[in-house]
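In: fold the following.
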Amino acid sequence: MPGIKSTLRISIELTIAILVGLSGLAVNPEPPEGFTSLFNGENLTGWHGMEHFNPYELDAMTQEERQAKREANESETLKHWQVENGELVNDGKGPFLATDKEYGDIELLLDYRTVPKADSGIYLRSTPQVQIWDYTEDGGKWKSGADKGSGGLWNNSKGSAGKDPLVLADKPLGQWNHFRIIQVGERTTVYLNGELVVDHARMANFWDRSKPLRRNGHIQLQTHGGEIRWRKIYIREIGTREAADLLVSKSGTGFERIFNGKNLVGWRGPVDDYVIQDGAVMCRSGKGGTIYFPEELTDFQVRFEFQLPPGGNNGLAIRYPGEGNTAYVGMCELQVIDNTSEKYVGKLDDRQFHGSAYGMVAAHRGFLRPVGDWNYQEVTVKGSTIKVELNGTLILAADLSQVTDFLDDRPHPGKDRTSGYFGLAGHNDPVKYRNIYLRKLD
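Out: You can find the predicted model right below:
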């Protein structure tokens, strides 16, 4: 039988083991339901070193070149990034730490703790950044906006939404802070320590301000001159249904439903060439034509969901007069098209891709969901301007009064119309629309 001293030693060792285990659980507990851990509390698995580097240049590299770049950063990464007591620690130097995986629409949770005069941040979609810094006057960065606190989208343009946090929500230096970040398209919401600091603001594309924020990219933890610690890093990818619901919840009030999901009562045009299926409206096979809601509009917004079949082609009639080809006699036709289809390769002008004001102004590409998925879109028409936001990303912002160059040199006499109807311009393909809501702005 073991002696008293031996029994006591075993009991002490067991107690220590339990306490260590409980300590580890406290630092990195199981993620909330629906989330996965990005940091395992033990090592850098799932992460790699990456300095401030243009992701478009990275995209242009071969897989071998990208792998070589990662390997070149490895020694410096391991030199400056450590795991201590279940916490991810950086000494303020070296490459940033980037997730191996790229992410799009997400909810991100994490804790951080930093030191006086430190300056850091979180890159989303490989783009800077949700700001973290010493908010005190002694930190020396009040001239740069540190007095307003952390959590802002610091690389947004001066005066734009999201640039500065709505409230100062930082805890005193040395205490742990908690972020909750939600991003759908370029629309970004940030909570710091439970306080809303960024509300559904567009995150600017630091790398090319002429383009929207990238659709996907790595999450990066920035290093910038002072020790910072991270823990409880959890992520949840947001699906298409939830993304649409989030965007609708931020679209404001005053919208009225103009398609009831059952029939086209109240609509005009060749309504017999359309069919209702599972709450959505689409052209009958081989049919089409422009149907429209018969309320003449000046300035308005419309929101809706649509689903493209492979190679599907359709459009939105904007300030349509009630007859004729809306692309020319209306203010414009906004393209609704699967421009990813092989049948269009090399055959489309830039002004024919999805979201474009047909034949006049090209929309940004690459923001459609995979064919067969539902997309969410908002259109805003004010005066001679028109905006298209697709799945949370602004892909078109145009002033049609300034357009002088037209596809095939064919004039668009209706582009300067100040009123007209909203409708669907069917082109024989079964493109589906549902949840169509309209808000008058005048």
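
In: kindly check the end-to-end length of stretch 81-90 for me.
Out: Stretch 81-90 has its terminal residues 5 Å apart, counting by CA to CA, to the nearest Å.

In: please begin residue numbering at 346 from this point
Out: Okay, using 346 as the starting number, the last item reads as stretch 426-435.

In: so what's the gap between that stretch and the chain middle?
Out: 30 Å (CA atoms, centre = their mean, to the nearest Å).

In: now swap in stretch 401-414 and tell me
Out: Remark: stretch 401-414 is offset 24 Å from the chain centroid, using CA atoms, centre = their mean.

In: can you name the next helix or strand after the helix or strand encompassing P639?
Out: Assigned by DSSP states H and E, P639 belongs to strand 633-642. Moving toward the C-terminus from strand 633-642, the next helix or strand (DSSP H and E) is strand 645-652.

In: so how far is that next one off the chain centroid?
Out: Worked out by CA atoms, centre = their mean, strand 645-652 lies 18 Å from the chain centre.

In: let me know the pLDDT of the most centrally placed residue in the chain.
Out: When CA atoms, centre = their mean is applied to the chain, the residue found nearest the centroid is G530 (1.9 Å). With respect to pLDDT, G530 has a value of 98.

In: the stretch 596-745 of the chain: helices as residue ranges?
Out: 671-674 (DSSP state H, counting those that start in this stretch).

In: tell me which stretches of it form strands.
Out: Along the stretch 596-745 of the chain, counting by DSSP state E, counting those that start in this stretch, strands occupy 601-602, 619-622, 625-628, 633-642, 645-652, 658-665, 677-682, 719-727, 730-735, 738-744.

In: wait, which of these is closest to K760?
Out: Nearest of these to K760, taken as CB to CB: strand 677-682 at 6.2 Å. Where C-beta positions appear, they are placed from N, C-alpha and C, glycine not excepted.

In: quick one: average pLDDT of that closest one?
Out: The average of the pLDDT scores along strand 677-682 is 98.

In: ok, now stretch 710-725?
Out: For stretch 710-725, the per-residue pLDDT averages 98.

In: list the buried residues for it?
Out: By 16 or more other CB atoms under 10 Å, the buried positions in stretch 710-725 come out as 711-714, 719-725.

In: I'd assumed L558 was in contact with the residue nearest to the centre of the chain.
Out: Yes. Under the criterion of CB atoms under 8 Å, G530 makes contact with L558 at 7.5 Å.

In: who touches both of those two?
Out: Common neighbours of G530 and L558 (criterion: CB atoms under 8 Å, 6 or more residues apart in numbering): T738.

In: what about the strand holding P639, average pLDDT?
Out: Computed over strand 633-642, the average pLDDT equals 96.

In: okay, angle between it and strand 658-665 too, please.
Out: Computed by axes from the mean of the first three to the mean of the last three CA atoms, to 10 degrees, the angle separating strand 633-642 from strand 658-665 equals 30 degrees.

In: hang on, V460 packs against G484?
Out: No. Using CB under 8 Å, V460 is not in contact with G484, being 10.1 Å away.

In: who's more crowded, these two?
Out: Neighbours per residue (other CB atoms under 10 Å) separate V460 from G484, with G484 holding more: 18 against 14.

In: against L537, how distant is the more buried one?
Out: 16 Å (CB to CB, to the nearest Å).

In: N399 too?
Out: For N399, the distance to L537 equals 28 Å [CB to CB].

In: got it, and E416?
Out: Distance from E416 to L537, by CB to CB: 36 Å.

In: so what pLDDT did S555 get?
Out: Reported pLDDT at S555 in the predicted model: 96.

In: just give me the neighbour total for it.
Out: 6.

In: can you tell me the element it falls in?
Out: S555 is part of no helix or strand, with elements assigned from DSSP H and E.

In: over to R586?
Out: Counting by DSSP H and E, R586 is part of helix 585-594.

In: cool, W575 as well?
Out: Per DSSP H and E, W575 falls inside strand 573-582.

In: list the buried residues of that strand.
Out: Neighbour-count burial for strand 573-582 flags 573-581 (criterion: 16+ other CB under 10 Å).

In: quick one: contacts of it?
Out: If you take CB under 8 Å, 6+ apart as the criterion, strand 573-582 is touched by 372-374, 376-377, 379-384, 386, 429, 431-435, 437, 448-460, 463, 465, 477, 521, 564, 566.

In: now list the buried members of the residues you listed.
Out: Buried by 16+ other CB under 10 Å: 373, 376, 380, 383-384, 386, 431-435, 437, 448-459, 463, 465, 477, 564, 566, out of the contacts of strand 573-582.

In: hey, what's the closest residue to W426 other than its chain neighbours bridged with?
Out: Among residues not flanking W426 along the chain, N435 sits closest, at 5.4 Å (CB to CB, 6 or more residues apart in numbering). Here N435 sits in beta bridges with W426, I573, as judged by DSSP bridges.

In: near F441, how many other residues are there?
Out: Neighbour count of F441, defined by other CB under 10 Å: 28.

In: what about the stretch 346-495 of the chain, any weak spots by pLDDT?
Out: Low-confidence segments of the stretch 346-495 of the chain (pLDDT under 70): 346-373.

In: mind listing the helices for it?
Out: Under the criterion DSSP H, counting those that start in this stretch, the stretch 346-495 of the chain contains helices at 349-372, 400-405, 408-425.

In: check contacts around P400.
Out: Contact partners of P400, counting by CB under 8 Å, 6+ apart, are 470-472, 552, 559, 562-563.

In: ugh, typo on my part, it should be T534
Out: T534 touches 526-528, 541, 543-546, counting by CB under 8 Å, 6+ apart.

In: SS state for it?
Out: Put simply, T534 is strand when judged by DSSP: H, G, I helix; E, B strand; the rest coil.

In: burial measure for the residue nearest to G759 when sequence neighbours are not counted, as a count.
Out: In space, G759 comes closest to V674 once its chain neighbours are excluded; the distance is 4.4 Å by CB to CB, 6+ apart. Using other CB under 10 Å, the number of residues around V674 comes to 20.
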